[in-house]
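Chemist: Fold the following.
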Amino acid sequence: IGLVLVRRYTARAFAPEHVSLLQRFAAQAVIAIENARVFNELADRNREVTEALQQQTVMAEVLEIIAASPSDLEAVLPQLAGAAARLCQADASVIAHRAGEVVRVWKTGVGNRSIPTASLSADVPGGAAMATNRPVRIAGPIDSWATRFPLSASWARDAGLSALSALAVPLQSEEGAVGTIVVERHDAIPFTDRHVAILETFANQALIAIENARLFNELEARNQEVSDALEQQNAMSEVLNVIASSATDAQPVLEAILETGSRLCAADGAAAFVSDGDRLRAEAARGLLTSVLSDARAAWPIDGHSATGQAVEERRTIFVDLRRDAWRYSNSAFITEEFGVRSTIAAPLLRGDRALGALAFARMSDEAFTPKQVALIETFADQAAIALDNARLFKELQARNQEITEALRREEASSEILRQISSAPEELDVTLQ
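Modeler: Next up is the predicted model:
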């Protein structure tokens, strides 16, 4: 593996004992060299084992974080980015993901530097890695790579750096690259192939976390839809039961609709108004609108100066932001001023071509009613119209029955008098009685 050489600058030869001594020195040198080799190999192996153990520990921590928060990327990915920075001995790390036109970014160690949507453009290593679907590395003074990645160079100069090294790995899905994970150092020391392998592992974990969160959120949303649909179905069944048991009286139906609608649509108050000639009057109310039942002001013309009047007049659902449009609805302005109502939705009660009134649901917040809530309110309005029309028909039938009964009584009395006259025409006094 080598040799030991000694020389004299005279013609005197080395004695045998000198040769023997040098041989012993050579043997000692071999032992020292072998010891150093073994020691260095052991140190390298220990370093590899330590790094592997550290990587395994960090990955276990990451998996625990993913398992603990499967739907919360804001909790998972910043910690994953931080773990990637630690294992790669980096000063900062960024994860970016694109879904359609939406780009989401999670970062650690970049301070207050903004990460614009352009972080996935070709002007930065992350965008280049995503475009080429392979790792991208830069290292050295900023001027040495500024032409290739001008946006990264601008960031680095703004941060007061003179040199930068970066490693970017794409997030690879079945459809191709959908994002990137980037680590950077604020010096010119390049990242190694080992760091590429580490970052590729983190890229896979990031993609798993993103996909898990998407699936979890979709499942949660679906479960919520099913739960909402079941709750709405039960509510509808309750209202239909009230309609069936109160065919002659719309009041219990209106109260049940207002109660159920307020609960399902997160309204702070609700009221049912019925048409009375060319005016509307409050027939039922709950929540913060309860007092309108006893308020003489809660009866106004059917016109555009109230949300319910406009709904009846135009035969359509009206949504009103009272902070902005209160001046247009002067008839119901006192509701905004005294009860703190900030938004209202009014749905007409339509039966054929007739408008029987309107339902109004109010909120003290600026939150708009969702399309599902609007559809539900319109369904309740249809049920309220059925209840009002059923009650009207019953009252008309009852009045008609009363008229027929009275007519029959009069007919029976006339028949009795005629029989008395024909049977005893000479008994005038009895007949007159």
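Chemist: What lies in contact with stretch 157-164?
Modeler: 111, 113, 138-142, 152, 156, 184-188 (Cβ atoms under 8 Å, 6 or more residues apart in numbering). Where you see a C-beta, it was placed from the backbone N, CA and C, and this is true even at glycine.
Chemist: Kindly report the same for stretch 73-88.
Modeler: 54-55, 58-59, 61-62, 65-66, 69, 90-95, 104, 106-109, 167, 181, 183, 191, 195, 198-199, 202, 205-206, 209-210, 213.
Chemist: Which two of the contacts of stretch 157-164 have the greatest separation?
Modeler: Spatially, the most separated pair among these is Gly111 and Gly140, at 22.2 Å (Cβ to Cβ).
Chemist: what about these two, which has more around it?
Modeler: Gly140 (14 against 7; other Cβ atoms under 10 Å).
Chemist: just to revisit the earlier point, which of the contacts of stretch 73-88 fall within helices?
Modeler: Here DSSP state H is the test, and the contacts of stretch 73-88 give 54-55, 58-59, 61-62, 65-66, 195, 198-199, 202, 205-206, 209-210, 213 as lying in helices.
Chemist: one step back: now list the buried members of the contacts of stretch 157-164.
Modeler: 138-139, 142, 152, 156, 184-186 (16 or more other Cβ atoms under 10 Å).
Chemist: residue ranges with poor pLDDT in the stretch 251-400 of the chain?
Modeler: 326-327 (pLDDT under 70).
Chemist: Do you have the helices of it handy? List them.
Modeler: Along the stretch 251-400 of the chain, the stretches classed as helices by DSSP state H, counting those that start in this stretch are 251-264, 307-314, 322-325, 333-339, 371-423.
Chemist: Pick the most buried one from the ones you listed.
Modeler: helix 307-314 (a mean of 23; mean count of other Cβ atoms under 10 Å).
Chemist: State the distance from Asp123 to Arg45.
Modeler: To Arg45, Asp123 is 42 Å away according to Cβ to Cβ, to the nearest Å.
Chemist: whoops, Ala307 was the one
Modeler: According to Cβ to Cβ, Ala307 and Arg45 sit 78 Å apart.
Chemist: do Arg328 as well
Modeler: According to Cβ to Cβ, Arg328 and Arg45 sit 81 Å apart.
Chemist: okay, the two: which has more neighbours?
Modeler: Comparing Arg328 with Arg45 by neighbour count (other Cβ under 10 Å), the higher total belongs to Arg328, at 14 against 10.
Chemist: That one contacts His305, correct?
Modeler: Yes. The criterion here is Cβ atoms under 8 Å, and Arg328 meets it with His305 at 7.4 Å.
Chemist: Overlap of the contact sets of those two?
Modeler: Counting by Cβ under 8 Å, 6+ apart, Arg328 and His305 have no shared contacts at all.
Chemist: can you give me the strands for the stretch 151-300 of the chain?
Modeler: 165-173, 176-185, 269-276, 279-287, 299-301 (DSSP state E, counting those that start in this stretch).
Chemist: Looking at the ones you listed, which is nearest to Ile345?
Modeler: strand 269-276 (9.7 Å).
Chemist: So which elements touch that closest one?
Modeler: If contacts are counted by 3 or more Cβ pairs under 8 Å, 6 or more residues apart in numbering; DSSP states H and E, strand 269-276 sits against helix 251-264, strand 279-287, strand 354-363.
Chemist: Any chance you could list what contacts the shortest one?
Modeler: Think strand 279-287. Counting by Cβ under 8 Å, 6+ apart, 250-251, 254-255, 258-259, 262, 267-274, 291-293, 295, 298-302, 306, 308-309, 312, 357-358, 362 sit against strand 279-287.
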